[in-house]
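> pasted the sequence and its predicted model underneath.
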Amino acid sequence: MAADGAAPEKVVATPQVVRREVRDFHRAHEQRRRQLPRALLVGVIGGVVAVAFRSALAAADQLRDQLIGFVHAHSFSTALLPLAVGAAGAALAVYLVRRFAPETAGSGIPHVKAVLHGLRPMVWPRVLAVKFVGGVAGIGAGLALGREGPTIQMGAAVGQMVSGWFKGTPRERRTLIAAGSGAGLAAAFNAPLAGLVFVLEEVQRDFSPGVFTATLIACGVADITTRLLLGQLPVFSVQTASIPPLSALPFALGVGAIAGLLGVVFNRGLLATLDLFERAPWPAWVSAALVGLLVGGVAIFAPGVVGGGQRLVERMLAGELPLLALSVFFVIRFVLTMLSYGCGAPGGIFAPLLVLGAALGLGIGELAERFVPGLAGPPVAFAAVGMAAYFTAIVRAPLTGIVLVVEMTGNYSLVLPLLLASLTAYGLADFLRDRPVYEALLERDLMRAQAEPALDGTLLLELTIAAGAPFEGKRVRELGLPPGAIIVTLRRELREEVPTADSELAAGDQITVVVSPQAAAALSLLEKGVQPA
């Protein structure tokens with residue numbers, strides 16, 4: 001801006017700049033036009049896959065309930081059946097993962113992020129097959145894992161599959177993978193906006209029109225497909241007054257603070273559990289079988305505590321559980337989630353942490369109702385607040401958590417408490433220097449990969465383009481990087497993307513570069529290229 005009294009600065013657009021801007025605009029428009037029908041196809045197929053997965057899990061839950069009912073109706077010697085089923089299902093799930101598709105362990109979201117950053121391949125046939133069968137075996141056996149992780153990774157695999165049917169650039173293929181992952185979340189929870197926000201806020205972190213449009217279409221179509229096949233009711237129902245009183249906000253602040261602290265405990269406990277299972281002296285499937293035995297034993301006495309936990313959340317939101325039961329269930333679910341995820345079975349942590357958040361929020365709501373009646377509002381409202389706050393503390397995606405809970409419950413009156421609690425949880429977890437769970441898991445996977453002989457010596461560099469540097473104003477294809485040196489991310493202000501060969505670098509851009517041992521000569525080139533000439 002010009003100083004007072006000075007003539008305003010003139011901005012002159014050269015013909016070259018104008019032609020480049022027009023060319024880029026037409027290219028982006030053409031790409032969006034091609035992507036629209038492909039994104040629609042990703043949404044339909046992703047929705048069908050998610051519906052099939054949800055239906056298979058529902059059938060497995062029903063069979064598990066029938067088995068437990070059989071045990072209660074007969075002699076206690078039949079209790080060996082749930083134990084055997086739990087052990088066999090968990091062992092089968094982990095065996096399939098380790099034998100055929102190691103990238104499908106856990107939620108799969110870190111793998112999707114690695115694929116979008118060019119750090120991992122996506123072999124969609126084995127991801128779809130192993131994630132589906134292994135997820136049904138493990139979660140169906142009672143492991144405390146959620147369906148959203150598998151549907152997100154399977155949705156990404158669908159995006160990869162559809163992208164292979166058509167000609168397109170690498171960026172277009174990555175856009176369809178991201179759109180598929182959002183469609184998987186949308187179909188898992190009947191939450192299309194949450195699927196869109198999750199891709200923009202956590203998975204892709206690219207707010208470009210192409211990614212936004214493709215993901216929005218895929219999420220919307222996946223949700224419509226799911227509702228046509230399974231019905232339109234929200235995943236959960238919360239009965240509250242139209243608008244919570246302002247006196248409830250300090251209690252929402254308390255929920256956020258406690259969620260922030262316990263979110264840090266969750267993240268660090270999850271990483272420690274993964275390391276513990278990795279050091280086990282026996283095969284991974286044996287560890288999974290032991291976890292399955294434990295889960296089977298818990299299921300005999302508390303069948304609603306195992307599995308995805310949907311029925312447990314429904315009871316919480318209905319206000320059916322007393323304070324003592326909430327405390328017990330929180331501890332049991334916390335331990336089961338650590339063990340179920342740590343053993344390497346395919347399954348997500350969205351649903352388990354929503355269960356824990358609901359128990360946390362409802363417990364605080366009931367305490368408030370007991371000591372200051374009427375001041376905080378209905379305790380069940382704090383169950384929804386706790387879900388968003390705990391999600392935010394762990395994943396560090398507050399907008400996704402808020403939108404997800406609002407869409408799942410169909411209740412928009414809780415937005416203000418949700419916002420306050422989520423931001424408090426976010427700030428406290430960040431203040432404690434805790435890494436977001438998916439970033440920590442991705443970093444852990446990359447570090448383990450670097451420890452393998454084939455990748456020993458691989459470097460991951462974070463560099464900033466300085467003004468006047470040789471790389472400034474050049475396209476990636478013009479940098480002359482040797483094979484084995486790859487720019488995997490490009491961050492410009494608030495936008496982060498996976499660059500293409502035609503991406504042009506500018507001063508202030510932050511780039512992440514993977515350098516293999518064979519490309520050691522690239523280090524001096526990179527250092528000179530980002531420094532002022």
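Structure received.

> identify the residues contacting Phe266.
Phe334, Leu353, Leu356, Tyr390, Ala393, Ile394, Val437 (C-beta atoms under 8 Å, 6 or more residues apart in numbering). For glycine as for every other residue, the C-beta is placed from the backbone atoms N, C-alpha and C.

> which of these lies closest to Ala381?
Using C-beta to C-beta, Tyr390 is the member of these that lies nearest Ala381, at 15.2 Å.

> the nearest residue to that closest one once chain neighbours are set aside: how many residues sit nearby?
Nearest non-adjacent residue to Tyr390, counting by C-beta to C-beta, 6 or more residues apart in numbering: Gly357, 3.0 Å away. Gly357 has 33 neighbours, counted by other C-beta atoms under 10 Å.

> got it, and Ser247?
Quick note: Ser247 (other C-beta under 10 Å) scores 13 neighbours.

> over to it. Which of the three states is it?
helix (DSSP: H, G, I helix; E, B strand; the rest coil).

> what about the residue nearest to it when sequence neighbours are not counted, which SS state?
Leaving aside its sequence neighbours, Ser247 sits nearest to Leu375 (C-beta to C-beta, 6+ apart; 5.0 Å). For Leu375, the assignment made with three-state DSSP gives coil.

> element containing Thr512?
Assigned by DSSP states H and E, Thr512 belongs to strand 510-515.

> I'd like the average pLDDT over the helix or strand following that strand.
Per DSSP H and E, strand 510-515 leads on to helix 522-530 as the next helix or strand towards the C-terminus. The average pLDDT within helix 522-530 is 72.

> tell me which residues in helix 522-530 are buried?
Across helix 522-530, burial judged by 16 or more other C-beta atoms under 10 Å covers Ala522, Leu525, Leu526, Gly529, Val530.

> contacts for that helix, please.
With contact meaning C-beta under 8 Å, 6+ apart, helix 522-530 is reached by 459, 461, 463-466, 469-471, 479-482, 484-485, 511, 513, 515.

> can you give me the domain assignment for this protein?
19-230, 246-440, 454-530 (automatic domain parsing).

> could you dump the ones you listed to TSV with distance to Met447?
Converted to TSV, the domains of the chain look like this (distance: least, C-beta to C-beta, whole Å):
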stretch	distance to Met447
domain 19-230	12
domain 246-440	11
domain 454-530	9
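
> mean pLDDT lowest where, among those domains?
Per-stretch mean pLDDT for the domains of the chain is lowest at domain 454-530 (a mean of 74).

> report the distance from that one to the chain centre.
Offset of domain 454-530 from its chain centre (C-alpha atoms, centre = their mean, to the nearest Å): 27 Å.

> can you list the buried residues of helix 522-530 in JSON lines and add distance to Pro125?
Formatted as JSON lines, the buried residues of helix 522-530 follow (distance: C-beta to C-beta, whole Å):
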{"residue": "Ala522", "distance to Pro125": "34"}
{"residue": "Leu525", "distance to Pro125": "38"}
{"residue": "Leu526", "distance to Pro125": "36"}
{"residue": "Gly529", "distance to Pro125": "39"}
{"residue": "Val530", "distance to Pro125": "40"}
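
> tell me the one of the residues you listed nearest Ala384?
Lowest distance from Ala384 to the buried residues of helix 522-530 (C-beta to C-beta) belongs to Val530, with 46.7 Å.

> which residue sits closest to that closest one, ignoring its sequence neighbours?
Using C-beta to C-beta, 6+ apart, the closest residue to Val530 is Leu463 (4.8 Å).

> pretty sure the one you found is in a strand, no?
Yes - counting by three-state DSSP, Leu463 is part of a strand.

> give me the neighbour count for it.
Leu463 - counted by other C-beta under 10 Å - has 18 other residues nearby.

> on that earlier part again, quick check: the residue nearest to Tyr390 touching Val395?
No - taking contacts as C-beta atoms under 8 Å, Gly357 lies outside contact range of Val395: 11.2 Å.

> returning to what we had before: which strands or helices does the strand holding Thr512 pack on?
For strand 510-515, the elements it packs on are strand 459-464, strand 485-492, helix 522-530, judged by 3 or more C-beta pairs under 8 Å, 6 or more residues apart in numbering; DSSP states H and E.

> go ahead and flag the most central residue of this protein.
By C-alpha atoms, centre = their mean, the chain has its centre lying nearest to Ile109, at 5.2 Å.

> where's the residue nearest to Tyr390, which helix or strand?
Using DSSP H and E, Gly357 falls in helix 350-371.

> and that helix, what does it pack onto?
Helix 350-371 sits against helix 148-163, helix 170-189, helix 249-278, helix 310-317, helix 323-342, helix 379-395, with contacts defined as 3+ C-beta pairs under 8 Å, 6+ apart.

> go with 10 Å
Using 3 or more C-beta pairs under 10 Å, 6 or more residues apart in numbering; DSSP states H and E as the contact test, the elements touching helix 350-371 are helix 148-163, helix 170-189, helix 249-278, helix 310-317, helix 323-342, helix 379-395, helix 398-409, helix 415-431.

> kindly reformat the ones you listed as a markdown table containing distance to His74.
Below are these laid out as a markdown table (distance: least, C-beta to C-beta, whole Å):
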| stretch | distance to His74 |
| --- | --- |
| helix 148-163 | 34 |
| helix 170-189 | 36 |
| helix 249-278 | 35 |
| helix 310-317 | 23 |
| helix 323-342 | 25 |
| helix 379-395 | 36 |
| helix 398-409 | 38 |
| helix 415-431 | 46 |
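
> thinking again about what came up before, which parts of the strand holding Thr512 are buried?
In strand 510-515, counting by 16+ other C-beta under 10 Å, buried: Ile511, Thr512, Val513, Val514, Val515.

> shared neighbours, Gly357 and Val395?
The contact sets of Gly357 and Val395 overlap at Gly263, Gly401 (C-beta atoms under 10 Å, 6 or more residues apart in numbering).

> helices of the stretch 1-150 of the chain, start to end?
Here the stretch 1-150 of the chain has its helices, by DSSP state H, counting those that start in this stretch, at 15-73, 80-100, 109-116, 124-140, 148-163.

> pick the most buried one from those helices.
For the helices of the stretch 1-150 of the chain, the largest average neighbour count (mean count of other C-beta atoms under 10 Å) is found in helix 148-163, namely a mean of 31.

> rewinding a little: so which of the helices of the stretch 1-150 of the chain gets nearest Ala302?
helix 15-73 (9.9 Å).

> separation between the closest residue to Gly140 other than its chain neighbours and Val48?
For Gly140, ignoring the flanking residues on the chain, the nearest one in space by C-beta to C-beta, 6+ apart is Ala60 at 2.8 Å. Ala60 sits 19 Å away from Val48, taking C-beta to C-beta, to the nearest Å as the criterion.
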